[in-house]
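Trainee: Predicted model follows, preceded by the sequence.
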Amino acid sequence: MNSTTGRVYGDLVSPEPQELTCTVRSKGSGQLLTEDPQAALQIHVEHFSYSHGALVFTPNRQSFTPSFHGGFNGFQLRCTPDLPWAQIDLDTGRITKMPQATPLPRTGSCTVTASACLEEGTSECTRVKRSTDVVLVAANEATELFLVLEGGTWQKVNEVNLTVGRMSHGYRLATALSLQDASELDSPLSYHVDCGNSTSFNVQAGKLSKDGVDVFHLTQGGQLAGAPAGSPVRKSEE
């Protein structure tokens, strides 16, 4: 610990200890306080870990490798519920999404364990096990986006007719052409609407304007809402 700034730092050199409980005291001039202020500091040591607490597997990211100190090996992965699509390399701890496996269940809470020699660098070896927790998520992102008219079934449409002062309803953006198929895909985090010149789209508010006049709102779930406040315009959406 840096005695001036209080910064705690150091390098792991052994699988032990796993936890430290320390008492930290600060030194003052001694003129005002009869006792030095103190605080309890508990340090939990993780000997290997992944880049994030939740690992999201996408088409562009199919594996994650932990960073660790020392000679850890014998990595094992156990998840609740069981994730048949995830496998781990025994020597490196690299977790990979198997390309041929169906990514179901989509997510699970997992524990990764590995072992190392307690007396590293000597001829003796007392194996000790260490673990870390991580959540695995198999993303299922949409590859298409449709404009549909909701009803008993979803009907794909190419245009929307809006009337000034009348609330728009029944139209939405969808990642599939049925509610069932869309529920199996990850919902978009946000939308961007481009309707050409003289229009602007506020992503946070989901509001499209033309020449400063509100045309419609797009909710977080992709529904078209609101009533046009000016002359109707006819534009395409992306």
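Mentor: Sure, I can see it. Small disclaimer: the values here were computed from a predicted structure and weren't measured.
Trainee: hey, let's count contacts and neighbours off CA atoms from now on
Mentor: Will do.
Trainee: Distance check, residue 185 against residue 191.
Mentor: The spacing between residue 185 and residue 191, counted by C-alpha to C-alpha, to the nearest Å, is 16 Å.
Trainee: after the least confident helix or strand in the chain by mean pLDDT, next one along is what?
Mentor: Lowest on mean pLDDT, DSSP states H and E among the helices and strands of the chain sits strand 38-44, with a mean of 76. Using DSSP states H and E, the helix or strand that follows strand 38-44 in sequence is strand 48-49.
Trainee: Partner strands of the next helix or strand after that following strand and their direction?
Mentor: Using DSSP H and E, the helix or strand that follows strand 48-49 towards the C-terminus is strand 54-57. Partner strands for strand 54-57, per DSSP bridges, with pairing direction: strand 127-138 (parallel).
Trainee: What's the mean pLDDT across the strand it pairs with?
Mentor: Mean per-residue pLDDT for strand 127-138: 90.
Trainee: After it, heading C-terminal, what element do we hit next?
Mentor: For strand 127-138, the succeeding helix or strand toward the C-terminus, using DSSP H and E, is strand 146-149.
Trainee: Which other helices and strands does that following strand contact?
Mentor: strand 155-156, strand 171-174 (3 or more C-alpha pairs under 8 Å, 6 or more residues apart in numbering; DSSP states H and E).
Trainee: among these, which is the most enclosed?
Mentor: strand 171-174 (a mean of 22; mean count of other C-alpha atoms under 10 Å).
Trainee: Residues contacting that strand, please?
Mentor: 145-150, 160, 182, 222-224 (C-alpha atoms under 8 Å, 6 or more residues apart in numbering).
Trainee: domain assignment for the protein?
Mentor: Domain assignment for the chain, taken from automatic domain parsing, gives 49-138, 146-225.
Trainee: Can you lay out the ones you listed as JSON lines showing distance to residue 38?
Mentor: Formatted as JSON lines, the domains of the chain follow (distance: least, C-alpha to C-alpha, whole Å):
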{"stretch": "domain 49-138", "distance to residue 38": "31"}
{"stretch": "domain 146-225", "distance to residue 38": "46"}
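Trainee: Which one of those lies nearest to residue 21?
Mentor: domain 49-138 (18.9 Å; C-alpha to C-alpha).
Trainee: Span of the closest one from start to end?
Mentor: 19 Å.
Trainee: do stretch 26-38 as well
Mentor: 6 Å.
Trainee: And for stretch 159-167?
Mentor: 16 Å.
Trainee: Next, the buried residues of that stretch.
Mentor: Using 16 or more other C-alpha atoms under 10 Å as the test for burial, stretch 159-167 gives 160, 162-163.
Trainee: Kindly report the same for stretch 108-115.
Mentor: Quick answer for stretch 108-115 (16+ other C-alpha under 10 Å): 108-110, 112-115.
Trainee: pLDDT averaged over that stretch - what is it?
Mentor: For stretch 108-115, the per-residue pLDDT averages 94.
Trainee: how about the helices in the protein?
Mentor: With DSSP state H, the ranges of helices along the chain come out as 179-183.
Trainee: of all the contacts of strand 171-174, which two lie farthest apart?
Mentor: It's 160 and 182 that sit farthest apart of these, by C-alpha to C-alpha, at 21.1 Å.
Trainee: Quick one, which of the contacts of strand 171-174 are buried?
Mentor: 146-150, 160, 222-224.
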